[in-house]
Structures are given as C-alpha cells and as structure tokens.
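S.K.: The following block contains a protein sequence and its predicted model.
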Amino acid sequence: MQDAAPRLKGLVEQLLGTPLPLRVRAWDGSEAGPPAAPALVVRNRRALRRLLWKPGELGLARAWVSGDLGIEGDLYTALDLISGLVWERGEDARGLGAALRDPEVRAAVRGLVRMAGLPLPPAPPPEEVRRRRHLHTRRTDRSAISHHYDVGNDFYALVLGPSMVYSCAYWQEGATLEEAQRDKLELVARKLALKPGQRLLDVGCGWGSMAVHAARDHGVRVVGVTLSQEQAAYARKRVAEEGLTDRVEIRVQDYRDVTDGPYDAISSIGMAEHVGAERYLEYAETLGRLLAPGGRLLNHQIGRRPQRDESSYAVDAFIDAYVFPDGELAPVGTTVALLERAGFEVRDVEALREHYALTLRRWVANLEAGWSRAVRLTGVGRARVWRLYMAASAVAFERNQIGVNQVLAVKTPGTSGSSGMPLRARTWT
C-alpha cells in the first residue's frame, strides 16, 4: 500500500499545528497535498531520521545536501512557503522541549519515528563544517575563508559571471549582471571620491574586481588584501593582464596585519560579515588607524533585522555549517554605532536590499544553467549547498528578513570638524 505521503503530511501538520502548503511525494511513489503547489520530495526514510535527530533548519539542510530531500517545481515558491513554516515560526531545536509537552506533538513525533525506521542518526554530509565557538582568531578566520572561497575559481566564474564580483550588484532597468556589477563598483568609487594618485586599501579584495576598477578607471594605487590563496592568485593574474602591476598589489594578509598606512580611502565590500560581533570594534578601529585624516571608508555589509532581545541572536545553522563558518550578521544600527565609537563620522547609509535579491537570482540562474559543469568542478553536495544558500538568501532579502547597506564614513580630522564632504553629497545617485 502506497500511503507514506499522506501519512507523512498528516504527521507534519499535526506537529506544526498548521496545514502544509506544499505537496509531499514520498519514497513509495505516493503523493499528498495541493496539486498545483511545489512538491517536497522525500526520497527515503533517512530524510526523516535527519529531521528527527536535528529538528529545524539544520536537519532540513542535511537532508537537502545529501540528496535525501528535494524540491520539484519552483524553488523560490517552495522556499517562500517553507520560510513561513520554519524560519519565521522558529520551529527548531531550541523550542523542541516546550513543544513536546503537547500530547498531540508527542504523538506526531512517535508516528514519525515509526515511519523513519532504524533509529541511528545518519552521518552529516561531508560538506558540513564541524561546529565550534566563534573565536575569530587569525587562524580560525583563515580556515573559515578557505572553506568558503577556495572552492575553485572556475566554479565561482560559472556562478558570478565575468565580473567575478561576489557582492550585491547595483541594478537599473534592463541591465545585465555584468553591467550592474560594474555600476556597483563605480558607485563605491564615487562615494569614496577616488582621484588619481590616491592610495586605496581594498579589505577582502576577492578576485580583484574593485582593485582593478579603481586603478584602471580612477588612477589610484591599490593594495588589496584577502585570506584566500585562490582569490589572490586569480586577482594577481587579472592585474597583470590589465597592465596594472605598477598600481595594484594583491596580498594574502589579514587586515589586522596591514601596517603601511595611511590610505586616502578604504573599501570593505562584503567582508565585514566575517568579522564577528566581538571583533567588530577592533575592525573599525584598525581601519580608522589606517586612514589619513579626512579619509573615507565605504563599508558594504549584509545586516539582519534587530531583535527585541539581542542576547537571543544565534548564527543561522545552515549558513554556519555549510556556507560561511563563523559568519555573523548585525543590525545596521549596531554597525553605525560601532563605526562612530571607533571615531568615524557616518555620512550616508544606503539600503540595497532589493538589489541583492535580484543579484542572487541571477547567480542561481547561472548555476542552474551550468549545473553539470558545477557538479564536475565541486561535487554534487557542494553544488546543492550553493543552490539552496543563494535561492534561500534571495527569498530572505525579498521578505525583509535580511538587508544589505553601504555605510559611508569619514575620519574627521582633529577638532576642526571638517569632513571634506560636499553640502549635497548624493551626486552618485
């Protein structure tokens, strides 16, 4: 009798206390749920064991990465529906104890246990990073960056496209991804008011896109620092091909070890998410010491919504285990406050939330179009990690669960109070 899907759907609805908006297709070929909805494909009983041993997001992620669980139909629609069930309801391990006091919930769990079969926990997929405390030492930061960025430059080229820019693009109607990324780099350059002969420090320089743009199009001398050996090798080759070796230096170096200031400007694009809450003031003070008086900092950073009780914030389990080990997000207000504590004057904050959703959808489309090659380059498990991570992040930006902001700050010199900023600064829009 093929009845796994309706039984599973009923137990999940009993557990959640709400109807399941997705179809369910089970390992025995049975289906249940709204016919027009995307299907949650439970390929084997091991998927249930993963969810029982790690309820919530991490269990779902393990089942997805291992291939035990899949989505048939529009991935974004499915993730949007799941977002309301899991992420916004907080149905994870932290609330499991309270939930199990409900007799109906206990009955549903017992039913799932019977369906799951053997009680032993499946081993996590090999792509999962062993969880640890968020120390943010030089060694742990180097390891975390290597896990994420040393996947292979060919894989990143497939996903990001020719620009090799791994941060939010800046969109206008009808633009291509390449054009939108070029416009973002130019936006940063204009906010920093880059001029020929100036020195720019690009913190977390990635594959060298900002460094090349600033040197080639604005005539500045650039030092780019990254902790990724593969990024640095790619960036140096790119600099050489552009004929910019006399103006651009790429270093494998921790930003805390940069000592050759002062710089006229600093760009930090998509790097500060790796710094961590305990180290953020140190990060801001370090950049402040490296800037010349009157120098500008452009800090481009993903932020999360503030919580009523900030002490309850926990790092996203899937992101921490599979994507950005040790990454932490902060509300934009916290970022601004810490920059000001470090002595900066914050002059402008621009929210680009919708721009990042558009960017991520383009990256997902690139990955899906080149799926077979992506699997050859990095393995099916990691390719599945990236597809889920980018698509889920796009939904999170669209739902205003997270945002991204460019914060322009100035190192105001001494007691003169002069910022060097024009009266109407937003000439870049």
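M.R.: Noted; the coordinates are in hand. Numbers count the residues shown, from 1 in each chain.
S.K.: So Leu201: helix, strand or coil?
M.R.: What DSSP: H, G, I helix; E, B strand; the rest coil gives for Leu201 is strand.
S.K.: Surely Gln406 touches Arg296?
M.R.: No: in this structure, Gln406 is not within contact of Arg296 by Cβ atoms under 8 Å, at 11.8 Å. The C-beta positions use only the backbone N, C-alpha and C, and glycine is treated the same way.
S.K.: Need the overlap of contacts for the two.
M.R.: Lys191 (Cβ atoms under 8 Å, 6 or more residues apart in numbering).
S.K.: Between those two, which has more neighbouring residues?
M.R.: Arg296 (25 against 20; other Cβ atoms under 10 Å).
S.K.: helix or strand right after the top helix by length along the chain?
M.R.: In the chain, ranked by residue count with DSSP state H as the criterion, the top helix is helix 380-398. The C-terminal neighbour of helix 380-398 among helices and strands, as given by DSSP states H and E, is strand 402-410.
S.K.: Can you classify Asp264 as helix, strand or coil?
M.R.: Secondary structure, three-state DSSP: Asp264 is strand.
S.K.: Please name the spatially closest residue to it (chain neighbours excluded).
M.R.: Distance criterion Cβ to Cβ, 6 or more residues apart in numbering; nearest residue to Asp264, sequence neighbours excluded, is Gln198 at 3.9 Å.
S.K.: Count the neighbours of that neighbour for me.
M.R.: Neighbours around Gln198, by other Cβ under 10 Å: 19.
S.K.: what residues are up against it?
M.R.: So Gln198 contacts Val220, Arg221, Asp264, Ala265 (Cβ under 8 Å, 6+ apart).
S.K.: List of residues touching the longest helix of the chain?
M.R.: The contact list for helix 380-398 (Cβ under 8 Å, 6+ apart) reads 61, 64-67, 75-76, 79-80, 83, 87, 125-127, 151, 159, 318-319, 322-323, 353-354, 356-357, 360-361, 363-364, 367-368, 371, 374-375, 402-404.
S.K.: Can you dump the C-alpha atoms of it in CSV for me?
M.R.: Extracted C-alpha coordinates of helix 380-398, given in CSV (Å, rounded to 0.1, in the frame of the first residue of the first chain):
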residue,chain,number,x,y,z
VAL,A,380,27.0,17.4,-6.2
GLY,A,381,26.8,18.0,-2.5
ARG,A,382,28.5,21.4,-2.6
ALA,A,383,26.6,22.4,-5.7
ARG,A,384,23.4,21.6,-3.8
VAL,A,385,24.6,23.7,-0.9
TRP,A,386,25.1,26.7,-3.2
ARG,A,387,21.8,26.4,-4.9
LEU,A,388,19.9,26.3,-1.6
TYR,A,389,22.0,29.0,0.0
MET,A,390,21.6,31.5,-2.8
ALA,A,391,17.9,30.8,-3.5
ALA,A,392,17.0,30.9,0.2
SER,A,393,19.0,34.1,0.6
ALA,A,394,17.2,35.7,-2.3
VAL,A,395,13.9,34.9,-0.6
ALA,A,396,15.2,36.3,2.7
PHE,A,397,16.1,39.6,1.1
GLU,A,398,12.7,39.8,-0.6
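S.K.: now it against strand 402-410, angle please.
M.R.: Counting by axes from the mean of the first three to the mean of the last three Cα atoms, to 10 degrees, helix 380-398 lies at 70 degrees to strand 402-410.
S.K.: Report the contact partners of Gly219.
M.R.: Leu194, Lys195, Pro196, Gly197, Arg247.
S.K.: can you do 6 Å?
M.R.: By Cβ atoms under 6 Å, 6 or more residues apart in numbering, the residues touching Gly219 are Pro196.
S.K.: Spell out, range by range, the strands that occur in the stretch 251-400 of the chain.
M.R.: Applying DSSP state E, counting those that start in this stretch to the stretch 251-400 of the chain gives strands spanning 263-269, 291-304, 345-351.
S.K.: what about the residue lying closest to Tyr322 once chain neighbours are set aside, distance to Gly403?
M.R.: Counting by Cβ to Cβ, 6+ apart, Tyr322 lies nearest to Val385, which is 4.8 Å off, once chain neighbours are set aside. Remark: distance between Val385 and Gly403 (Cβ to Cβ, to the nearest Å) = 23 Å.
S.K.: cool, and Leu194?
M.R.: 26 Å.
S.K.: repeat for Arg341
M.R.: Separation of Arg341 from Gly403 (Cβ to Cβ) stands at 22 Å.
S.K.: who's more crowded, the two?
M.R.: The neighbour comparison of Arg341 against Gly403 (other Cβ under 10 Å) goes to Gly403, with 21 against 12.
S.K.: so how many other residues sit close to the nearest residue to the more buried one once chain neighbours are set aside?
M.R.: In space, and not counting its chain neighbours, Gly403 is closest to Arg353: 4.1 Å by Cβ to Cβ, 6+ apart. Counted by other Cβ under 10 Å, the residues lying close to Arg353 total 19.
S.K.: any idea how far Arg353 is from Ile402?
M.R.: Arg353 sits 8 Å away from Ile402, going by Cβ to Cβ.
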